[in-house]
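*Asks:* model the following, please.
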Amino acid sequence: MTSLLKLVVLAVAAQFLTATAFVSHGSSHSTAYRPAQAGGASSAVASSPPASATRLDMAVAAPAPVKKKEKKITDDKDDQSERAKDRGWLVRLYNDPMNKREFVAKCLMEVCGLDDGMSYGIMMKAHQTGIAVIGNYHREMAEMYKMRLLGEGLLIDMVPADDDE
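*Replies:* Residues are numbered from 1 along each chain as shown. Presented below is the predicted three-dimensional model:
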């Protein structure tokens with residue numbers, strides 16, 4: 001409770017100090033600059049005007065130059081070729097003699113969200129041919145699946161979808 005009270009007191013003190021730093025003292029300056037007071041009073045609290053006449057003025061910097069937006073010139077051919085290049089990533093499963101088939105199918109269901117029939121079919125294809133494609137995913141999703149399946153002990157890699165391998 002005392003730490004909360006200390007925090008509130010510090011917050012109020014910080015707001016007061018910030019506000020008094022920007023108080024205008026009747027001068028024509030519109031910044032936080034306060035000229036020396038006549039009579040040697042250097043305290044802002046002792047020489048501040050009444051609360052009804054207090055006005056806060058902040059120092060204003062020159063506005064930043066406005067940047068002109070440049071139009072990017074693109075060809076339709078470039079956009080189409082980039083879309084053609086970005087066909088996704090294939091996550092591939094290799095057969096390994098260490099893991100049981102049921103374990104591999106269970107990992108595919110849990111990590112990739114495949115149903116039991118799909119995961120069993122992918123596992124069997126990898127078992128019979130040595131390699132099977134789990135799916136075609138965006139790069140981030142493919143990397144996530146790869147890392148999680150590697151963490152389970154499966155032999156996994158990922159290749160671009162347009163690769164002929």
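*Asks:* can you give me the end-to-end distance of stretch 96-103?
*Replies:* Its first and final residues considered, stretch 96-103 spans 12 Å by C-alpha to C-alpha, to the nearest Å.
*Asks:* which residues are contacting it?
*Replies:* With C-beta atoms under 8 Å, 6 or more residues apart in numbering as the test, stretch 96-103 has contacts from 123, 124, 127, 153, 154, 155. (Glycine included, C-beta is placed from N, CA and C.)
*Asks:* give the buried residues for whatever helix or strand residue 127 lives in.
*Replies:* Element membership for residue 127 (DSSP states H and E) is helix 116-129. Using 16 or more other C-beta atoms under 10 Å as the test for burial, helix 116-129 gives 118, 119, 120, 122, 123, 126.
*Asks:* show me what that helix is packed up against.
*Replies:* Here helix 116-129 touches strand 89-94, helix 101-112, strand 131-137, going by 3 or more C-beta pairs under 8 Å, 6 or more residues apart in numbering; DSSP states H and E.
*Asks:* looking at those, which is nearest to residue 5?
*Replies:* helix 101-112 (50.8 Å; C-beta to C-beta).
*Asks:* what's the average pLDDT for the closest one?
*Replies:* Average pLDDT, helix 101-112: 95.
*Asks:* ok, which stretches of this protein are helices?
*Replies:* Using DSSP state H, the helices of the chain run over 2-21, 76-85, 101-112, 116-129, 139-151.
*Asks:* restricting to C-alpha, output the last one in CSV.
*Replies:* The one in question is helix 139-151. Presented in CSV, the C-alpha positions along helix 139-151 are these (Å, rounded to 0.1, in the frame of the first residue of the first chain):
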residue,chain,number,x,y,z
ARG,A,139,7.2,-19.9,-46.0
GLU,A,140,6.5,-19.0,-42.4
MET,A,141,4.0,-21.8,-41.9
ALA,A,142,6.4,-24.3,-43.7
GLU,A,143,9.2,-23.2,-41.4
MET,A,144,7.1,-23.7,-38.4
TYR,A,145,5.9,-27.2,-39.4
LYS,A,146,9.5,-28.1,-40.3
MET,A,147,10.9,-27.0,-36.9
ARG,A,148,8.2,-28.6,-34.9
LEU,A,149,8.4,-31.9,-36.7
LEU,A,150,12.1,-31.9,-36.5
GLY,A,151,11.7,-31.4,-32.8
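*Asks:* perfect, I'm done here.
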